[in-house]
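> with the sequence up front, the predicted model follows.
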2 protein chains.
Amino acid sequence: MLPKNELREHIFSILREHDHRLTPQREAVVEVLIENSDAHLSAENIFMQTKHNYPDIGLATVYRTLELLESLGLVHKFEYGDGQSRYEVNQSADDHYHHHLICVKCGGIGEFKDDLLDEIEHAIAKETGFRVTDHCLRFFGICSECQAEPGENSDDD
Amino acid sequence: MLPKNELREHIFSILREHDHRLTPQREAVVEVLIENSDAHLSAENIFMQTKHNYPDIGLATVYRTLELLESLGLVHKFEYGDGQSRYEVNQSADDHYHHHLICVKCGGIGEFKDDLLDEIEHAIAKETGFRVTDHCLRFFGICSECQAEPGENSDDD
DNA sequence: GTTTATGCAAAACATTTGCAGCCTT
DNA sequence: AAGGCTGCAAATGTTTTGCATAAAC
């Protein structure tokens, strides 16, 4: 889990390493991703936020940047099933990944860190021969806040 | 894990219970889902296959049927991240669910049954107060067949 | 100076919806 | 007979792409 300025430099150096140009648009998108590393933004969200620092950026550039960062393993892309993808920076250099706790009532997204999957991955390798390189685990349910409130909290976007 | 004919009757009776009509289109879609319960079909796939038995069916009807079956808990809908949803019948009456092993080389999808998630869900409840009602776990990696073949097998669609 | 990256607009794509007519109940 | 269900086509919403221009190297 790198601090923000190291994470930014890390991303820039990976881009350079792979002969990608460092444009102000890319810097601006990376900035938004880093400043919102705890949120789970859609491309549209990222687009809107990036416009604050770089008003002329186009949505297509945001998509292309996110695709590039994902291909370099710098960003994780995932979906809830609501039709739009969400993105988040990969905050650590290693593979360990937190899991998402998605509240079906308020739409909020929490996180949970855990290493029990290692056991499952070993069991998979042993029983099926499948070599696991990555995983995606999401839990759906009711967050503690929505459990506390009887019924009024149904949209906290 | 019900046998096919019982599963079919189970689905039909749930439909009746909820006052939904049993149309030949719905029967045809259910038939395709049951006959391909080990595959992970997209809506388009299901549409094409259903046309064999019921050539006049429309794609919208397939989507509406899948949505209905999903709302009744009879079908699971999930996504790999390639932009289209996949569907599979819920073969057992209970909540237990297998996880997907997605080969990033050949695109094949295996399955793995496991109950270790229960432990994680308990840990989540204890540490965060989040009440888990469902989960989705997918593993990405290389299947045993692709590991065996040095490099030629990259598209077995 | 080259080559890549950008912005715009149009295209592509999966999915949803409106509506008149049909079919299950 | 009445209502839900269907097929078609149009609409929607997200993501991708073509192309001329602009910017990074």
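Looks like it came in fine.
> following the host helix or strand of A:Val32, which helix or strand shows up next?
Assessed by DSSP states H and E, A:Val32 sits inside helix A:24-35. Sequence-wise, the next helix or strand downstream of helix A:24-35 (DSSP H and E) is strand A:41-42.
> got the contact list for that following strand?
Strand A:41-42 has contacts (C-beta atoms under 8 Å, 6 or more residues apart in numbering or on different chains) with A:32-33, A:49, A:84-88. For glycine as for every other residue, the C-beta is placed from the backbone atoms N, C-alpha and C.
> and if we set it to 10 Å?
A:32-33, A:47-49, A:66, A:79-80, A:82-88 (C-beta atoms under 10 Å, 6 or more residues apart in numbering or on different chains).
> any idea which helix or strand comes after that strand?
From strand A:41-42, the next helix or strand downstream (DSSP H and E) is helix A:43-53.
> how about that next one and DNA strand D, any contact?
Yes - judged by C-beta under 7 Å from any atom of the strand, helix A:43-53 and DNA strand D are in contact via A:43-44.
> who does that helix touch, helix- and strand-wise?
helix A:24-35, strand A:41-42, helix A:59-71, strand A:85-89 (3 or more C-beta pairs under 10 Å, 6 or more residues apart in numbering or on different chains; DSSP states H and E).
> filter the contacts of strand A:41-42 down to the buried ones, PyMOL style.
If you want just the buried ones from the contacts of strand A:41-42 in PyMOL, going by 16 or more other C-beta atoms under 10 Å in any protein chain shown, the selection is:
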select buried, chain A and resi 32+33+47+49+66+79+80+85+86+87+88
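> so which of the contacts of strand A:41-42 is the closest to A:Gly129?
Here the nearest of the contacts of strand A:41-42 to A:Gly129, counting by C-beta to C-beta, is A:Glu79; it sits at 28.1 Å.
> what residues does A:Phe130 make contact with?
Here A:Phe130 is in contact with A:121, A:124, B:101-103, B:108, B:110, B:112, B:139-147 (C-beta under 10 Å, 6+ apart).
> next one: stretch A:60-69 to chain centre, how far?
With C-alpha atoms, centre = their mean, to the nearest Å as the basis, stretch A:60-69 stands 14 Å off its chain's centre.
> show residues contacting it.
So stretch A:60-69 is in contact with A:11, A:14-15, A:18, A:20, A:23, A:25-30, A:32-33, A:41, A:43-51, A:54, A:57-58, A:74-77, A:85, A:87, A:89-90, going by C-beta under 10 Å, 6+ apart.
> tell me the buried residues in that stretch?
Across stretch A:60-69, burial judged by 16+ other C-beta under 10 Å covers A:61-62, A:65-66, A:68-69.
> so does the one helix or strand A:Ile124 maps to get close to chain B?
A:Ile124 is part of helix A:117-128, with elements assigned from DSSP H and E. Yes - using C-beta under 10 Å from any C-beta of the partner chain, a contact is recorded between helix A:117-128 and chain B, made by A:117, A:119-121, A:123-125, A:127-128.
> from the residues you listed, which would you call buried?
Listed as buried from the residues of helix A:117-128 next to chain B are A:117, A:120-121, A:124, A:128; burial here means 16+ other C-beta under 10 Å.
> can you put those in a markdown table and add distance to A:Asp134 and pLDDT?
Below are these laid out as a markdown table (distance: C-beta to C-beta, whole Å; pLDDT from 0 to 100):
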| residue | distance to A:Asp134 | pLDDT |
| --- | --- | --- |
| A:Leu117 | 11 | 80 |
| A:Ile120 | 13 | 86 |
| A:Glu121 | 10 | 87 |
| A:Ile124 | 13 | 88 |
| A:Thr128 | 16 | 90 |
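> any chance of those in a markdown table, with distance to B:His135 too?
Listed next are these as a markdown table, based on distance: C-beta to C-beta, whole Å:
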| residue | distance to B:His135 |
| --- | --- |
| A:Leu117 | 12 |
| A:Ile120 | 12 |
| A:Glu121 | 16 |
| A:Ile124 | 16 |
| A:Thr128 | 20 |
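> what is the nearest of these to DNA strand D?
A:Leu117 (25.8 Å; C-beta to the nearest atom of the strand).
> that closest one reaches B:Arg138, doesn't it?
No - between A:Leu117 and B:Arg138 there is no contact under C-beta atoms under 10 Å: 11.3 Å.
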